[in-house]
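Visitor: just the structure for this:
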Amino acid sequence: MAPMTAPALTVGFDLDMTLIDSRPGIHACYTALAARTGTYVDADLVVTRLGPPLEEELAHWFPADDVAKTADLYREMYPAHAITGTLALPGAREAVEAVRAAGGRSVVVTAKWEPNARLHLDHLGIAADDLVGDLWAERKAVALREHGASVYVGDHTGDVRGARAAGAYAVAVATGPCDAAQLRAAGADVVLADLTAFPAWLENHRR
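Guide: Numbering: from 1, shown residues only. Modelled structure (predicted):
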């Protein structure tokens, strides 16, 4: 009988505030949206709570009946305002490369609208193997299971819940709106200060 082959390593990554610092770009887009619609939006506040779906944030500022069409407008405006101002977080490219160097695959699973998420990855040269958008919290588990991800890396308690729902090892980075204590309380298996610590963690995790 031929020896069984170990399953390939697949690591999932969240996007906003895990791989990328999208605060400057999102701030600019919300500022432009407010000017376009004539509706007050506190963009400084918005960028302190990134993670949940766009519609949840818009509901704080727009009447319920206007949220869907405003979300469409925001997504349409996003490429012009949010891509070039967004930066890769420290260690982001290296974290994805570490997965590849280990013979694995990386998949970005994000609540962001997928076409705009793709623009970020392409602009910043973050070479993930696959991308799935429009999924938040426990719903991220659908894509993580489909891709066979055994690890999911995120910055929000919603990301931790998604990892646990998928039966994946929940790696949290304290680079987003949730601090280390919140991430641990949500059930993170490990909390890293940022992605610069991820390659060494992955090497030890695979031993």
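Visitor: only C-alpha atoms for contact and neighbour calcs from this point on.
Guide: Fine.
Visitor: quick one: neighbours of residue 181, just the number.
Guide: Neighbours of residue 181 under the rule other Cα atoms under 10 Å: 11.
Visitor: oops, could you answer that again for residue 200 instead?
Guide: Residue 200 has 12 nearby residues by other Cα under 10 Å.
Visitor: and it, what element?
Guide: Residue 200 is located in helix 198-205, with elements delineated by DSSP states H and E.
Visitor: next, the buried residues of that helix.
Guide: Buried residues in helix 198-205, counted by 16 or more other Cα atoms under 10 Å: 198-199, 202.
Visitor: that helix - what's its average pLDDT?
Guide: The average pLDDT for helix 198-205 rounds to 96.
Visitor: for stretch 73-91, output the C-alpha coordinates as PDB.
Guide: Extracted in PDB, the C-alpha atoms of stretch 73-91 (Å, rounded to 0.1, in the frame of the first residue of the first chain):
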ATOM      1  CA  LEU A  73     -22.400  53.900  -4.700                       C
ATOM      2  CA  TYR A  74     -19.600  53.400  -2.200                       C
ATOM      3  CA  ARG A  75     -18.300  50.400  -4.000                       C
ATOM      4  CA  GLU A  76     -18.400  52.300  -7.300                       C
ATOM      5  CA  MET A  77     -16.500  55.200  -5.800                       C
ATOM      6  CA  TYR A  78     -14.000  53.000  -3.900                       C
ATOM      7  CA  PRO A  79     -11.400  52.300  -6.600                       C
ATOM      8  CA  ALA A  80     -10.900  56.000  -7.200                       C
ATOM      9  CA  HIS A  81     -10.500  56.900  -3.600                       C
ATOM     10  CA  ALA A  82      -9.300  53.900  -1.600                       C
ATOM     11  CA  ILE A  83      -6.700  51.900  -3.500                       C
ATOM     12  CA  THR A  84      -3.700  54.100  -3.800                       C
ATOM     13  CA  GLY A  85      -3.900  55.300  -0.200                       C
ATOM     14  CA  THR A  86      -3.900  51.800   1.300                       C
ATOM     15  CA  LEU A  87      -0.700  50.200   2.500                       C
ATOM     16  CA  ALA A  88       0.400  46.700   3.200                       C
ATOM     17  CA  LEU A  89       0.800  46.000   6.900                       C
ATOM     18  CA  PRO A  90       4.200  45.000   8.200                       C
ATOM     19  CA  GLY A  91       4.900  41.400   7.300                       C
END
